[in-house]
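Undergrad: Pasting the sequence and the predicted model now:
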Amino acid sequence: MSVMLDPSLVEELGGRVAGRVLRSGDDGFDDARRVHNGLIDRSPALIVRCRVAEDAAAAVRFARAARLELSVRGGGHNVAGRAVADGAVMIDLAEMRSAVVDPQARTVRVGGGATWADLNAATGEHGLAVTGGAISTTGVAGLTLGGGLGWLMGLHGLAADNLVAVELVKADGAIVEVTAESDPDLLWALRGGGGNFGVATALTFRLHPLSTVTGGLIAHPFAAAPDLLRFYRDAVAGSSDELTVFAALAHAADGSGTKVAALVVCHAGEPEHAERELAPLREWGSPLAVQLGRMPYPVVNTLLDDGYPRDALNYWRSSFTRGLPDALVDTMVERFADVPSPMTAMVLEHFHGAVTRIGVADTAVPHREAGWNLALTSVWTDLAATEANIAWTRDTHRALAPHLEARRWLNYLGDDEEPDAVRAAYGPNYERLLAAKRRHDPENVFRHNQNVDPALT
């Protein structure tokens, strides 16, 4: 989409911001418009590479005056690619990656472009941690505003549950600090309401003492997958809050394309407790590899990084399951046997412990039931294989549908979902979010997200 912009107004904007203003053809423009998902190829009219909140505010005011749409890029990791839109003004926070820890208050304040690697490195120096992304390259802001599941959710809840303040640029360009004292209803909405309410230029989290965990991977032959998933279902039924185990049908990390069934483990308790609780997982079956050990907490958040490289092509589907019945296990294994890409995985994310003890209405995230979210993370590199991989993902999601809830995880929604997908992600909290959207962004300035449209009823 070609958009004509007054060069003098663009130059004036460039003089008002501390960062850079980029147009097509400028050095750095093509790199800045790229997001993690290589399937997304869109060209904004203008990119404002922000260094301070005032830059984002100036970009919002400019876009509104020019009658241009806005998109916001934090880490750029979201699979739907809503961070970039054709012909829009893209507010790029990638250079705002500071992470400042207050060890006495046990808080960390991070910039809107920070990744979980940035946050974990800073908090790890003080023996502190918070629930974060299972992939360290994920952006802190996007993951948190969409809920923020991770290895510590059984012990400390979601990232959104630990969010205590947000520096927010609103639809009129005002910069506000949102806290439970200043605006409890808006903070409620930001704890899981996505990018609907403004540009989160800084986020403050409550931290918890934690430096070392027991983590790693147990891999079994794919032939053992049906039995392993049944064992997994029963083994985690009584897990302590300290133990989080995801199960996956995946491929060997050596690039051979060999299918495997795996357990990915993080235990945040004392070593003796961890060893007792992990013993059944270690001892079951005849594993190909058992790679479990003590490691710094930031390291466990990097174990899956190589499976989701930047510029790979991604197409995902996910839904919460109705338990983990044998019929679901059998269908998963049957469908994965014909998966077209050696990079694709099916992942069962276990919700239990603290994340399930928080009230459905306490944050915008309604998913507080014990059980599993099933994510089909299709990843490939050959553009010619796109149709086959998308078709497999859609067909597999449909085949699994009899065993899936209507509930959806917001951050896994793709760019071509059914119209009711956002409602399914928010469930009983949707109406309250809609009211908040109408109050804070009635013109839907922030629409390039999993949108709560204020015009809808």
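TA: Received the coordinates, thanks.
Undergrad: buried ones in whatever helix or strand residue 281 lives in?
TA: Residue 281 belongs to helix 271-283 when assigned by DSSP states H and E. Residues 274, 277, 278, 281 are the ones in helix 271-283 that count as buried (16 or more other Cβ atoms under 10 Å). Heads up, the C-betas are built off the backbone N, CA and C, glycines and all.
Undergrad: ditto for stretch 379-393
TA: Applying 16+ other Cβ under 10 Å to stretch 379-393 flags 379, 380, 389, 390, 392, 393 as buried.
Undergrad: Distance check, residue 153 against residue 239.
TA: 12 Å (Cβ to Cβ, to the nearest Å).
Undergrad: Can you check which residues contact both of those two?
TA: Contact criterion Cβ atoms under 8 Å, 6 or more residues apart in numbering; residues shared by residue 153 and residue 239: residue 353.
Undergrad: Comparing the two, which residue is more hemmed in?
TA: Shown here are residue 153 and residue 239; by other Cβ atoms under 10 Å, residue 153 has more neighbours (27 against 16).
Undergrad: Could I get the full set of strands for the stretch 301-450 of the chain?
TA: 313-320, 345-351, 371-380 (DSSP state E, counting those that start in this stretch).
Undergrad: how about the longest one: buried residues?
TA: Okay, so that is strand 371-380. 371, 372, 373, 374, 375, 376, 377, 378, 379, 380.
Undergrad: Just confirm the third one contacts residue 355, I think it does.
TA: No - taking contacts as Cβ atoms under 8 Å, residue 373 lies outside contact range of residue 355: 11.0 Å.
Undergrad: what sits in contact with each of these two?
TA: Residues touching both residue 373 and residue 355 (Cβ under 8 Å, 6+ apart) are residue 149.
Undergrad: Break this structure into its domains for me.
TA: Using automatic domain parsing, the domains assigned to the chain come out as 8-92, 99-209+429-440, 212-412.
Undergrad: Could you single out the most deeply buried of those?
TA: domain 99-209+429-440 (a mean of 22; mean count of other Cβ atoms under 10 Å).
Undergrad: before we move on, the earlier item: between the buried residues of strand 371-380, which is closest to residue 243?
TA: Among the buried residues of strand 371-380, residue 372 lies closest to residue 243 (Cβ to Cβ), at 14.8 Å.
Undergrad: Quick check: mean pLDDT of stretch 252-268?
TA: Averaged over stretch 252-268, pLDDT sits at 95.
Undergrad: next one: stretch 281-300
TA: Across stretch 281-300, the average pLDDT comes to 97.
Undergrad: Quick check: end-to-end length of that stretch?
TA: 18 Å (Cα to Cα, to the nearest Å).
Undergrad: Please give the centre-to-centre distance between it and its chain.
TA: 24 Å (Cα atoms, centre = their mean, to the nearest Å).
Undergrad: Over to stretch 161-175?
TA: Distance, stretch centre to chain centre, for stretch 161-175: 19 Å (Cα atoms, centre = their mean).
Undergrad: Just the CA trace of that stretch, in CSV.
TA: Coordinates of each C-alpha in stretch 161-175 appear next as CSV, following Å, rounded to 0.1, in the frame of the first residue of the first chain:
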residue,chain,number,x,y,z
ASP,A,161,-0.4,-11.7,37.4
ASN,A,162,2.9,-10.2,38.5
LEU,A,163,2.6,-6.9,36.6
VAL,A,164,2.3,-4.0,39.0
ALA,A,165,2.7,-0.9,36.7
VAL,A,166,2.8,0.1,33.1
GLU,A,167,4.0,3.3,31.5
LEU,A,168,1.4,3.7,28.8
VAL,A,169,1.0,6.0,25.8
LYS,A,170,-2.7,6.4,25.3
ALA,A,171,-4.7,7.1,22.2
ASP,A,172,-4.5,10.9,22.6
GLY,A,173,-0.7,10.8,23.1
ALA,A,174,-0.8,11.3,26.8
ILE,A,175,1.8,9.3,28.8
